[in-house]
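1. okay, predicted coordinates and the sequence, questions at the end:
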Amino acid sequence: MSFEKINNSPEKETSHKITSIEGIGLEMVKNREEIEALSIAHNITVENDGSHISTRQINNLVFLPKDEQKTLIKLSSEIESKIFNIPAKNIPKLLDGTINSSEVITDPVSIILLSSLGLLNKSEWTSNQPSEGIWVLAEWLERNEPSASPICIDPNMITEGELEKVLSSYKSNTGLTVLGFSLLPVNLRNDIEFIQKVKNIIPESLVLAGGIGSDSLNFLSSTEGKKGVTNILPIDLIIPGNGVLEIEKIIKGVHDGRIINRETLISFYEETLESLHNIEESKFEEVLNEVQKSRETVHQHFIPETRSDLVHNISYQKANEAWTDGKSLNIVPVLIDNSCDQNCYFCASPKSSMFSSIDQAVEHIANKTKNAEVIAFNDNDLSNKPAQTTELCKKMKERGITQQKHGKIRANRYIPELLDSLAEAGFVRIAIGIESFSQYIRSSLGKKDFTEENIQKTLNHLLRVGIRPEINLILFSPKETEETLKETTVKSMEWLNKGAMLYVTLGLFATPNSPGALTILKNEHVSKKIKYEKVVVPEAKDSLLIPYQWRATEGMTNLEEIILKKRVETINMLSENYQIKTSVPIEACITISLLAHYFMIDGYQKESDVIDKIITYAKKESGNQYVSI
């Protein structure tokens, strides 16, 4: 195949006078190895402005050899529409020159898929990660629905000016544009203004929303008593779950004119749900398997993890570039099995097994992490199935997957063989949700089986085999007292001095899609058990009440506010006086040190001593990259 740009006019004069065809490898990409080949499994969207043709598959420009370019020029001259799709099934006809104008889909539906805006809690340390769901949906549609023309946008990876330009470039020229937002309920406060902005840029649009925990969006209340964000925000429909079958049908409905506005969309969706309920269970299993294949395909071919694309002028690897001793680290997140049987009422992580066999999982890891220097296992709990994880570690070692690894386990049991296997497989850090060093508080959080003995043995074993434990703590949870908080502070300091690191949460988050918060949202307007943040929705002249924290006792709330204020002051001091960015471990050390001063623990009685210890720790820790898992 030749990847040479056509600069001459076609051999035969046409009414369109096409002078160039643009494809990846031309203006966009400088290095030949970055060229994405045409996929014959996905639709091609062709855009023709009368003098210039571009061809793309989702966010990838694709380039055709000269003979196929001539076929495309001839085809474009016969079609009145500026935009048309060549369905995947007809790509072979394009390649052998036999395609005709009746075998394309004119005016495909533009579906613009956008990931959530802003880093969670505006934390500097949170890495840019692709919202896998929007890419999986785009890939599914590009492969299965000939009338769909998807594009994916990560607003965290482009400027506001670029966002408006991209939206204007890819909106529908002939009818409704479908906008799909991936919304994390916990991050909704960041997305409200963003959703309104996008809707204002493309007013002729239908707005869909989905993502992990999106069903909770139907139960959020406003200050005026409205239930569900569709009554307050310019969102027409919430689609929970993976939603691929529903959105595939919606795109068909928009293209053939059955869906023309919000009312017809909702009516159509209700009918669609009814029809989907009648689908055989085997069909759903087939869909889930196809979704898993989509996950693999988008990482291999579409997500700009190591290259730029049509929308994003930077890759995720470049955006996350960090330096340790002058060396750039390439961190690749991997999810193997997120299942967990703890059922904590405050946990909002999805629970799902990703692979049916160890060999399949190892193959996925090997393919995804070929160029990784660090692997971040995003599994909710690597110790949920100890035998499975032990076998996984053994096979990773056999396959030569030796990169540094980060992951999470729990401490309800002491499993020495599991910890040894993690060390042998190259894990350098393991996070453990101990939550509190008070047995009373752990029990109140559903972790009664996290005994002092299991915790001690697990942490000591990790340190002994060279794995740095990260102790995850929740301070000021609903039953916290000064006595329990002091116990946690003293023991946290002991483990910090032994070489462990801390991750400290002030207050217990009430994520809208967590089981405890969702139960309250479904049954009550507001609850005294939870703190709600009033988030103004300007154009609606109303406010959303978003749960964000379980209430502590009044006395503990006052102490929490004091610690929060002093922590901010300390973080600002480190930034202004020492140019130190506050990573998670540094922030946690600050929190525990301030509490140690409050409780007048030996060595932390003088404020000057506390500050000196914090500065010493921050300087030491600032050279280490914190890997988000």
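-> Looks like it came in fine.
2. quick check: F476 touching V504?
-> No: using Cβ atoms under 8 Å as the test, F476 is too far from V504 to be in contact (10.3 Å). From N, CA and C alone the C-beta is placed, and that goes for glycine too.
3. so for the helix or strand harbouring H364, what's the average pLDDT?
-> When elements are assigned from DSSP states H and E, H364 belongs to helix 358-368. Averaged across helix 358-368, pLDDT comes to 89.
4. what is that helix packed up against?
-> If contacts are counted by 3 or more Cβ pairs under 8 Å, 6 or more residues apart in numbering; DSSP states H and E, helix 358-368 sits against strand 331-334, helix 386-398.
5. change it to 6 Å
-> helix 386-398 (3 or more Cβ pairs under 6 Å, 6 or more residues apart in numbering; DSSP states H and E).
6. next SSE downstream of the helix it packs on?
-> Immediately after helix 386-398, counting by DSSP H and E, sits strand 404-409.
7. so who does the most centrally placed residue in the chain touch?
-> In the chain, the C-alpha nearest the mean C-alpha coordinate belongs to S131, at 3.8 Å (Cα atoms, centre = their mean). With contact taken as Cβ atoms under 6 Å, 6 or more residues apart in numbering, S131 is in contact with 115, 182.
8. tell me how far it lies from I158.
-> Distance, S131 to I158, by Cβ to Cβ, to the nearest Å: 14 Å.
9. then T264?
-> 32 Å.
10. what about the nearest residue to L595 once chain neighbours are set aside, how many neighbours?
-> Spatial nearest neighbour of L595, excluding adjacent residues (Cβ to Cβ, 6 or more residues apart in numbering): T489 at 4.5 Å. Residues near T489, counting by other Cβ atoms under 10 Å, number 24.
11. returning to that earlier point: could you list the buried residues of the helix holding H364?
-> Neighbour counts over helix 358-368 (16 or more other Cβ atoms under 10 Å) mark 358, 361-362, 364-365, 368 as buried.
12. sorry, back to before: now name the helix or strand holding the residue nearest to L595.
-> Going by DSSP H and E, T489 is in helix 482-498.
13. whichever helix or strand comes after that helix pairs with which strands?
-> The helix or strand immediately downstream of helix 482-498 is strand 501-506, counting by DSSP H and E. According to DSSP bridges, strand 501-506 forms sheet pairs with strand 468-475 (parallel).
14. what does the strand it pairs with rub up against?
-> Against strand 468-475 from outside (Cβ under 6 Å, 6+ apart): 429-431, 433-435, 459, 462, 495, 500-506, 508.
15. can you turn the buried subset of those into a selection I can paste into ChimeraX?
-> Buried members of these, defined by 16+ other Cβ under 10 Å, are picked up in ChimeraX with:
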select :429,430,431,433,434,435,459,462,495,500,501,502,503,504,505,506,508
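16. return the backbone torsion pair for the residue nearest to the centre of the chain.
-> phi -80, psi 100 (degrees, to the nearest 10).
17. where do the strands of the stretch 1-150 of the chain begin and end?
-> In the stretch 1-150 of the chain, the strands defined using DSSP state E, counting those that start in this stretch lie at 20-22, 44-48, 52-57, 60-61, 83-86, 105-106, 109-114, 148-153.
18. quick one: closest of those to M600.
-> strand 109-114 (50.7 Å; Cβ to Cβ).
19. then that closest one to PDB, C-alphas only?
-> In PDB, the C-alpha atoms belonging to strand 109-114 read as follows (Å, rounded to 0.1, in the frame of the first residue of the first chain):
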ATOM      1  CA  VAL A 109     -25.900  10.500  12.500                       C
ATOM      2  CA  SER A 110     -23.100  12.400  14.200                       C
ATOM      3  CA  ILE A 111     -22.700  11.100  17.800                       C
ATOM      4  CA  ILE A 112     -20.200  13.100  19.800                       C
ATOM      5  CA  LEU A 113     -19.100  11.200  23.000                       C
ATOM      6  CA  LEU A 114     -17.600  13.300  25.800                       C
END
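20. which residues does the helix or strand that contains E162 contact?
-> Per DSSP H and E, E162 falls inside helix 160-170. With Cβ under 6 Å, 6+ apart as the contact definition, helix 160-170 has outside contacts at 110, 112, 151, 155, 201-202, 311.
21. what's the answer for stretch 530-543, then?
-> Residues contacting stretch 530-543 (Cβ under 6 Å, 6+ apart): 189, 192, 196, 222-224, 232, 510, 544-551.
22. among those residues, which lie within helices?
-> Among these, the ones falling in helices (DSSP state H) are 189, 192, 196.
23. S205 pairs with what?
-> T177.
24. have a look at the chain and report the helix or strand with the lowest mean pLDDT.
-> Within the chain, no helix or strand scores below strand 323-324, which has a mean of 41 by mean pLDDT, DSSP states H and E.
25. buried stuff in the helix holding T489?
-> So helix 482-498, judged by 16+ other Cβ under 10 Å, has buried residues 484-493, 495-496.
26. low-confidence ranges in the chain?
-> 1-37, 119-127, 280-282, 320-328, 525 (pLDDT under 70).
27. name the surrounding residues that touch the helix ranked longest in it.
-> If you go by DSSP H, the chain has its longest helix at helix 554-578. Residues outside helix 554-578 that contact it (Cβ under 6 Å, 6+ apart) are 476, 480, 506, 580, 582, 590-591, 594, 618.
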